[in-house]
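Trainee: This is the structure alone, sequence omitted:
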């Protein structure tokens with residue numbers, strides 16, 4: 001068996017290429033490129049260039065989260081800093097660490113393009129990630145040894161799947177674009193690693209290591225599929241003429257390059273690992289019910305992205321392509337099919353394994369679809385060849401089978417036609433933004449129960465916020481300092497006593513409260529210290545008197561706290577001990593002549609900053625290292 005495999009021409013060439021068995025026709029090439037053009041038009045429709053031209057930051061779906069993180073990065077990061085201390089959310093928190101998984105690409109883009117508006121950077125980054133995956137799949141096909149014609153088929157198939165696969169389309173249109181894009185990039189990594197292990201050439205090894213490093217920066221949750229790729233490609237290159245030790249050395253060198261590229265962020269994550277708090281995410285978990293519904297029904301189990309016809313089409317063609325690849329000993333294609341199968345195991349199995357269930361494992365179905373594309377393209381090519389040589393009766397039977405899929409496929413196409421394009425804030429939200437801009441305020445924070453608006457306020461008004469999805473969906477204990485329509489300060493709103501609400505509004509120095517919940521609205525409306533300034537779907541209240549300020553202590557009326565890129569600056573600081581209404585961080589340092597302590601406040605699990613100004617300095621700098 002081994003001798004047979006080694007004698008196969010495909011496995012003995014320096015850069016393996018599969019033998020051409022089924023010819024790709026010019027019409028298939030034209031159709032594939034037309035499908036890619038349609039894909040580009042649909043992406044541009046969903047992410048309108050008009051908004052990019054007009055400078056409107058995307059805020060619909062989850063895009064507000066991305067715009068917010070890009071704004072934070074533009075203020076806090078640079079080419080030599082991987083994280084910083086954000087004063088804009090959660091009363092101060094470490095930005096660029098555990099909360100940045102899946103959003104790192106927007107942060108890096110904003111940090112590397114400091115002269116460009118963060119909303120523009122986010123929109124442009126989304127366009128690139130939404131447009132290019134079919135090209136990445138086509139490039140991967142070529143790297144895996146496919147002919148130009150077959151790579152073009154992969155391009156067209158990837159364009160169709162990107163638009164019509166229910167779960168994949170939901171990801172990139174809703175704002176989870178980075179994971180879908182990085183899943184496609186992982187297929188390209190598989191092609192680069194295949195070349196590196198099969199040929200031993202350093203250029204492929206460096207390229208594979210660099211691509212792996214990029215995957216780690218863009219979305220670390222692709223670690224498990226990447227490990228599957230490493231195992232699969234090691235076996236796929238067994239007949240390349242290189243010994244196992246040499247192939248493992250190439251693999252280790254590529255992994256070393258990736259580790260060096262990731263080292264700055266990995267060290268920061270390890271340094272502050274104790275700050276991570278798990279966040280339950282039942283929405284992206286799956287069990288045997290999801291598996292049965294996904295494979296044997298045209299609808300998913302309790303999901304908004306519940307149509308499964310494209311998943312079935314891809315899996316059927318991938319199965320056909322895998323059988324052909326096994327018969328013709330096309331190991332690279334078999335390796336991709338194996339990785340796709342492993343990703344399906346991750347998707348449906350990790351939810352039952354403690355700790356791994358926190359990876360939101362159902363997302364790996366998207367990765368499985370990406371890795372299934374190379375064998376699926378081979379299956380489509382073989383089907384086309386079979387149709388060309390089939391008789392009239394066989395073609396009629398195939399046509400009848402295709403008509404069975406037609407209703408579901410039409411439903412998918414109609415769904416794309418009715419897809420709502422991304423947009424900015426709505427009229428109600430912009431009315432609140434205009435009021436905040438026109439009323440400069442007295443330095444206090446804004447409490448906002450509207451998660452979309454809460455994420456956008458720092459960018460649009462330069463006001464610090466308690467609220468927003470950045471806090472509510474955060475995996476940090478700092479998210480206690482947040483609120484949404486149903487909860488606030490770590491508990492349901494209806495469980496908070498009026499005195500507790502007032503205590504937290506003072507603790508976090510709230511000057512303006514934007515509410516959407518009746519509990520908080522009634523409390524503020526009946527409170528003598530607040531007055532209503534906006535009445536609509538959102539209710540806005542402002543303090544009748546000045547907010548408490550950011551400093552707790554004696555003789556602090558004139559003291560001001562000014563956030564900076566590297567920490568906080570205290571002007572007109574009082575002598576002795578005082579407390580800042582900002583969360584403490586263990587890596588903070590202060591000027592000589594003063595010291596820092598961590599002091600707990602109310603039920604907030606994160607302590608606040610206590611300053612002992614023994615030297616009575618009037619200006620103090622707190623820096624984060």
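Mentor: Thanks, I have it. Everything numeric in this text was worked out from a predicted model, so none of it was measured.
Trainee: What residues does the closest residue to residue 484 other than its chain neighbours make contact with?
Mentor: Of all residues not flanking residue 484 in the chain, residue 472 sits nearest, at 5.2 Å (Cβ to Cβ, 6 or more residues apart in numbering). Backbone N, C-alpha and C define where each C-beta goes, glycine included. Counting by Cβ atoms under 8 Å, 6 or more residues apart in numbering, residue 472 touches 451, 479, 482, 484.
Trainee: redo that, cut-off 6 Å
Mentor: Residues counted as contacts of residue 472 (Cβ atoms under 6 Å, 6 or more residues apart in numbering) are 451, 482, 484.
Trainee: okay, these in TSV with pLDDT and secondary structure next?
Mentor: Converted to TSV, these look like this (pLDDT from 0 to 100; DSSP: H, G, I helix; E, B strand; the rest coil):
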residue	pLDDT	secondary structure
451	92	helix
482	93	coil
484	88	coil
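Trainee: Low-confidence ranges, the chain, go.
Mentor: For the chain, applying pLDDT under 70 flags the ranges 1-25, 79, 277-283, 299-306, 440.
Trainee: So the residue minimising distance to the centre of it, which state does it fall into?
Mentor: Taking Cα atoms, centre = their mean, the centroid of the chain lies closest to residue 102, which sits 2.8 Å from it. The local conformation at residue 102, judged by DSSP: H, G, I helix; E, B strand; the rest coil, is coil.
Trainee: phi, psi of it?
Mentor: phi 90, psi -10 (degrees, to the nearest 10).
Trainee: pretty sure it is touching residue 221, no?
Mentor: No - with contacts counted by Cβ atoms under 6 Å, residue 102 stays clear of residue 221, the gap being 7.3 Å.
Trainee: Now for the two: what residues contact both?
Mentor: The contact lists of residue 102 and residue 221 share no entry, where a contact means Cβ under 6 Å, 6+ apart.
Trainee: Let's see if you can find the most crowded of the contacts of residue 472.
Mentor: Within the contacts of residue 472, most neighbours by other Cβ atoms under 10 Å means residue 482, with 29 neighbours.
Trainee: hang on, isn't residue 70 packed against residue 122?
Mentor: Yes - the criterion here is Cβ under 6 Å, and residue 70 meets it with residue 122 at 4.5 Å.
Trainee: List the strands paired with the longest strand that the chain contains, with their directions.
Mentor: With secondary structure taken from DSSP state E, the chain has its longest strand at strand 576-583. Applying DSSP bridges to the sheet, strand 576-583 is found paired with strand 551-552 (antiparallel), strand 608-613 (antiparallel).
Trainee: Check which helices and strands the helix or strand that comes right after it is in contact with.
Mentor: From strand 576-583 onward toward the C-terminus, using DSSP states H and E, the following helix or strand is strand 588-590. Strand 588-590 sits against strand 619-624, with contacts defined as 3 or more Cβ pairs under 6 Å, 6 or more residues apart in numbering; DSSP states H and E.
Trainee: Apply 10 Å and report the result again.
Mentor: strand 567-571, strand 595-599, strand 608-613, strand 619-624 (3 or more Cβ pairs under 10 Å, 6 or more residues apart in numbering; DSSP states H and E).
Trainee: contacting residues for residue 625?
Mentor: Neighbouring residues of residue 625 by Cβ atoms under 10 Å, 6 or more residues apart in numbering: 271, 566, 567, 585, 586, 587, 588, 589.
Trainee: let's go with 6 Å and repeat that
Mentor: By Cβ under 6 Å, 6+ apart, residue 625 lies in contact with residue 587.
Trainee: Can you give me the distance of it to residue 266?
Mentor: Residue 625 sits 17 Å away from residue 266, going by Cβ to Cβ, to the nearest Å.
Trainee: which residues in the stretch 151-300 of the chain form helices?
Mentor: 166-174, 177-199, 202-218, 223-236, 244-271, 288-296 (DSSP state H, counting those that start in this stretch).
Trainee: follow-up on the earlier one: mind checking which of the strands paired with strand 576-583 is nearest residue 495?
Mentor: strand 608-613 (23.3 Å; Cβ to Cβ).
Trainee: Kindly calculate the angle that that closest one makes with strand 595-599.
Mentor: Angle of strand 608-613 versus strand 595-599, following axes from the mean of the first three to the mean of the last three Cα atoms, to 10 degrees, is 150 degrees.
Trainee: Buried ones in strand 608-613, by neighbour count?
Mentor: The neighbour-count check on strand 608-613 (16 or more other Cβ atoms under 10 Å) flags 608, 609, 610, 611, 613 as buried.
Trainee: Show me how far that strand is from its chain's centre.
Mentor: 36 Å (Cα atoms, centre = their mean, to the nearest Å).
Trainee: any idea of the angle that strand forms with strand 567-571?
Mentor: 50 degrees.
Trainee: Other residues contacting strand 608-613?
Mentor: Against strand 608-613 from outside (Cβ under 6 Å, 6+ apart): 573, 575, 577-580, 582, 584, 594-595, 597, 599, 601.
Trainee: In PyMOL, select just the buried ones from those residues.
Mentor: Of the contacts of strand 608-613, the buried ones can be selected in PyMOL as follows, counting by 16+ other Cβ under 10 Å:
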select buried, resi 573+577+578+579+580+582+584+594+601
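Trainee: Excluding chain neighbours, give the residue nearest to residue 124 in space.
Mentor: In space, residue 124 is closest to residue 52, 6.8 Å off (Cβ to Cβ, 6+ apart).
Trainee: Please enumerate residues in contact with the one helix or strand the one you found maps to?
Mentor: Using DSSP H and E, residue 52 sits in helix 49-54. Residues outside helix 49-54 that contact it (Cβ under 6 Å, 6+ apart): residue 123.
Trainee: Relative to the whole chain's centre, how far out is it?
Mentor: Taking mean C-alpha positions (Cα atoms, centre = their mean), helix 49-54 and its chain are 23 Å apart.
Trainee: what is in contact with residue 70 and residue 122 at once?
Mentor: residue 106.
Trainee: Next, find the distance separating the nearest residue to residue 504 once chain neighbours are set aside from residue 516.
Mentor: Nearest residue to residue 504, sequence neighbours excluded (Cβ to Cβ, 6+ apart): residue 489, at 4.9 Å. Counting by Cβ to Cβ, the gap from residue 489 to residue 516 is 16 Å.
Trainee: Comparing the two, which shows the higher neighbour count?
Mentor: residue 489 (21 against 18).
Trainee: Many thanks, have a good one.
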